[in-house]
Every structure is written in C-alpha cells, then in structure tokens.
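> sequence and predicted structure, then a few things I'm wondering about:
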Amino acid sequence: MVHAFVMVKVSGDADTAGIADAVAGIESVSESHVVAGDFDVVAEVDAPDMYTVLDTVADAVRGVEGVVDTRTYVSMTE
C-alpha cells in the first residue's frame with residue numbers, strides 16, 4: 001500500500017471548500033482538507049501502488065475544475 005499527501009493549489013476565484021469536497025470524492029482519496037499556507041487543499045491518497053497514485057493525481061485531482069497545481073509527497077513509513 002502507498003500512502004501519499006497531495007498538496008493542491010486552486011485558482012484565486014475558485015470555491016476552495018467545493019474543490020476539497022470534489023477531491024474527497026475521488027476513489028483512492030481517504031481525506032481532503034482546506035489548509036492555510038502555500039497550498040489550499042491537502043489530500044491523502046491510499047493506493048495499492050505508485051501507478052495508482054500517479055493516475056489519481058494526474059487524471060482525477062488535476063481534472064477537478066479550479067485546480068491549478070499539485071505537489072505529491074509519498075510517505076516513507078507505513
């Protein structure tokens with residue numbers, strides 16, 4: 001199992017809470033939170049392998065309208 005944290009930046013005029021909710025509804029996303037800082041939303045992804053993490057971020061998370069950038073950090077501990 002791969003556990004990853006995905007930092008999501010949204011466009012200035014986007015509904016951040018709505019984007020966090022949309023991201024939370026994506027398969028493999030276990031948590032999604034609006035946060036303060038350089039990014040607007042942090043999502044946790046639990047997937048069977050790195051390819052699923054890649055697909056989840058590249059296709060699903062980046063496919064949410066209003067998402068303009070992401071950074072993915074893979075947990076090195078279980």
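That came through fine. Numbers count the residues shown, from 1 in each chain.

> ends of stretch 24-34, how far apart?
11 Å (CA to CA, to the nearest Å).

> can you list contacts of it?
Applying CB atoms under 8 Å, 6 or more residues apart in numbering, the contact partners of stretch 24-34 are 16-17, 20-21, 23, 40-47, 52-53, 56, 60-61. From N, CA and C alone the C-beta is placed, and that goes for glycine too.

> again, only using 7 Å
16-17, 20, 23, 40-47, 52, 56, 60-61 (CB atoms under 7 Å, 6 or more residues apart in numbering).

> same check, this time on stretch 10-17
Ile19, Val34, Asp40, Val41, Gly66, Val67, Val68.

> what's the span of that stretch, first residue to last?
Using CA to CA, the two ends of stretch 10-17 sit 10 Å apart.

> quick one: the lengthiest helix in the chain to chain centroid distance?
Ordering each helix of the chain by length in residues (DSSP state H) puts helix 16-24 first. Its chain's C-alpha centre and that of helix 16-24 lie 9 Å apart, by CA atoms, centre = their mean, to the nearest Å.

> next one: stretch 31-41
Distance, centroid of stretch 31-41 to centroid of chain: 9 Å (CA atoms, centre = their mean).

> buried set for it?
Buried positions in stretch 31-41, judged by neighbour count with 16 or more other CB atoms under 10 Å: Ser32, Asp40, Val41.
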